[in-house]
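1. fold the stuff below for me.
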Amino acid sequence: MIDVTTTKVRPKYLNVAKIRLPIPGFVSILHRVSGAGLFLLLPVFIWIVEASLASNDGFASVKSAADNPFIKLMVLAVVWALAHHFLAGIRYLLLDVQTGIDLRSARGSAWAVLGLSLVLTAAVGVRLW
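-> Below you'll find the model as predicted:
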């Protein structure tokens, strides 16, 4: 028989906003979000490439659209997603082969993924503008 007085009362709902997630967990969630975003935007990428290769007018229209500052911000968001997803994927491959699995290394590699993805995005942003 279970003693009811010692059982822990569990919450009926989970407030995600109040959870303090460690940095490797944050990188993991961003890896999933960036991968899903890249996958969902794949038809748009294919359409842009198809439009730019179809004719000179199509290329000119894609090029003129790319001069819009809002489109440039969207391109930077995609560049960040690609860089983050790529770097986090390498991090997970290394973790799969038991490299950097201790807490200090895992936190360091998570910070490195975040930092490098932002640096790469900033480098592309400088080149884009």
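2. now the spatially most central residue of the chain: which helix or strand?
-> Of all residues in the chain, the one closest to the mean position by Cα atoms, centre = their mean is S34, 3.3 Å from it. S34 is located in helix 23-40, with elements delineated by DSSP states H and E.
3. strands of the protein, start to end?
-> With DSSP state E as the criterion, the chain has no strands.
4. can you tell me how far R104 sits from G58?
-> 52 Å (Cβ to Cβ, to the nearest Å). For every residue, glycine as well, the C-beta is placed using N, CA and C.
5. actually T121, sorry about that
-> The gap separating T121 from G58 is 28 Å, by Cβ to Cβ.
6. and those two? Which one has more around it.
-> T121 (20 against 14; other Cβ atoms under 10 Å).
7. so who does the more buried one touch?
-> Taking Cβ atoms under 8 Å, 6 or more residues apart in numbering, we find T121 in contact with L76, V79, W80, A83.
8. max-length helix in this protein?
-> helix 69-96 (DSSP state H).
9. give me the angle between it and helix 23-40.
-> Relative orientation of helix 69-96 and helix 23-40, computed by axes from the mean of the first three to the mean of the last three Cα atoms, to 10 degrees: 120 degrees.
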